[in-house]
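Asker: this one's structure only:
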């Protein structure tokens, strides 16, 4: 079946009756473009939300670290007092061991918080890089 066409200039032919395929293709391309824009915006929104969440988490961890570092002074003082009392025979070795464990656990907790802060900072920097990369 031959379609009706119109010859424009030298050798150019435009098909006038193509069943509106060209219009559908244009409409489909526009829809695909809108979908892509929407998906891009969703991705940016998710990344931004994750970055805000990570920043809040980082702030919380830093506050916890500050409090734990203040508390460790108390654990050190308690250990020193318990050690003195142990040498004076006023407490048992179990009491000294408990004070030592409390101090060590506090130090471990501080180290874990520092590691969590480092991980959170790295994750936040990665998210910032993705956000900046998407805007370019």
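Answerer: Received the coordinates, thanks. As the structure is a prediction and not an experimental result, all values here were calculated from the model.

Asker: At which residues are the strands of this protein located?
Answerer: For the chain, the strands defined by DSSP state E cover 5-8, 12-15.

Asker: Least confident of those, on average?
Answerer: Note on the strands of the chain: strand 5-8 shows the lowest mean pLDDT, a mean of 50.

Asker: helices or strands up against the longest helix along the chain?
Answerer: The single longest helix within the chain, with elements called by DSSP state H, is helix 21-87. Identification of packing neighbours for helix 21-87 by 3 or more Cβ pairs under 8 Å, 6 or more residues apart in numbering; DSSP states H and E yields helix 93-135. Quick note: C-beta positions are derived from backbone N, CA and C, even for glycine.

Asker: again, 10 Å this time
Answerer: strand 12-15, helix 93-135 (3 or more Cβ pairs under 10 Å, 6 or more residues apart in numbering; DSSP states H and E).

Asker: Report the helix or strand with the lowest average pLDDT across the chain.
Answerer: strand 5-8 (a mean of 50; mean pLDDT, DSSP states H and E).

Asker: Tell me which of the helices and strands packed on helix 21-87 sits most buried.
Answerer: helix 93-135 (a mean of 14; mean count of other Cβ atoms under 10 Å).

Asker: Check what pLDDT residue 20 gets.
Answerer: On the pLDDT scale, residue 20 gets 73.

Asker: Buried residues, stretch 32-45. List them.
Answerer: Judged by neighbour count (16 or more other Cβ atoms under 10 Å), stretch 32-45 contains no buried residues.

Asker: where does this protein dip in pLDDT?
Answerer: For the chain, residues meeting the criterion pLDDT under 70 lie at 1-19, 131, 133-136.
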